[in-house]
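**Student:** no FASTA, just this:
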């Protein structure tokens, strides 16, 4: 019998002196920081509405496989980029660095990977990821001037890591998701 239960910060529950994670999903994510320029030197605090967040939630189904969840992640990241882009002006972001260099709203791979990691954490915190955890961002250095960053997820059952890289595409396009080893080797495919 539970004598006392307290909700702490929306994600944790004290029960009989133990701190337990809750599976209670919020109607919308808490405010979060989004990068809005190269190197993530500048950013904005963003709050999505309950309706905007529900559109993200609707992309995930409880009967999805791990592979389907990766596709759902791609679609969710694309949608979040569009939603956040309207708020921050990053809707203008073009693929890569060269085409949009110096233009407002243009992001580099550092900012793209940080934003994607933030979006992945929002999905995770809401209990939408059943097969994947969020891993630390990765960097590849094939040449001194060709350093590139990506967000990373890890499949729980197999331990396989996948790069989630939105930098190669314009804002709001589903990011590339591929095995991390392939991404580190420079291979690029969807």
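**Tutor:** Looks like it came in fine. Values in this document were obtained by computation on a predicted structure and should not be read as measured data.

**Student:** so where do the helices sit in this protein?
**Tutor:** 50-57, 66-88, 109-125, 180-184 (DSSP state H).

**Student:** got the angle for the first one vs helix 66-88?
**Tutor:** Here helix 50-57 runs at an angle of 150 degrees relative to helix 66-88 (axes from the mean of the first three to the mean of the last three Cα atoms, to 10 degrees).

**Student:** circling back: adding distance to residue 41, write the helices of the chain out as a markdown table.
**Tutor:** C-beta: built from backbone N, CA, C; applies to glycine. Output for those, formatted as a markdown table (distance: least, Cβ to Cβ, whole Å):
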| stretch | distance to residue 41 |
| --- | --- |
| helix 50-57 | 26 |
| helix 66-88 | 14 |
| helix 109-125 | 9 |
| helix 180-184 | 25 |
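
**Student:** for residue 96, find the nearest of the ones you listed.
**Tutor:** Residue 96 lies closest, by Cβ to Cβ, to one member of these: helix 109-125, at 8.7 Å.

**Student:** follow-up on the earlier one: tell me which of the helices of the chain sits nearest to residue 156.
**Tutor:** helix 66-88 (8.2 Å).

**Student:** what's the closest of the helices of the chain to residue 37?
**Tutor:** Across these, closest to residue 37 is helix 109-125 (Cβ to Cβ), at 6.7 Å.

**Student:** now do the buried residues in the closest one.
**Tutor:** 109-120, 122-123, 125 (16 or more other Cβ atoms under 10 Å).

**Student:** residues making contact with it?
**Tutor:** Contacts to helix 109-125, defined as Cβ atoms under 8 Å, 6 or more residues apart in numbering, come from residues 11, 26, 29, 32-40, 56, 60, 73, 76-77, 80-81, 84, 93, 97, 107, 129, 133-134, 137, 148-151, 153, 164-167, 175.

**Student:** quick one: which of those sit in strands?
**Tutor:** Those of those mapping onto strands are 32-35, 133-134, 137, 148-151, 153, 164-165, per DSSP state E.

**Student:** any quick ChimeraX command for the buried ones out of those residues?
**Tutor:** Buried residues among these (16+ other Cβ under 10 Å), as a ChimeraX selection:
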select :32,34,35,134,137,148,149,150,151,153,164,165
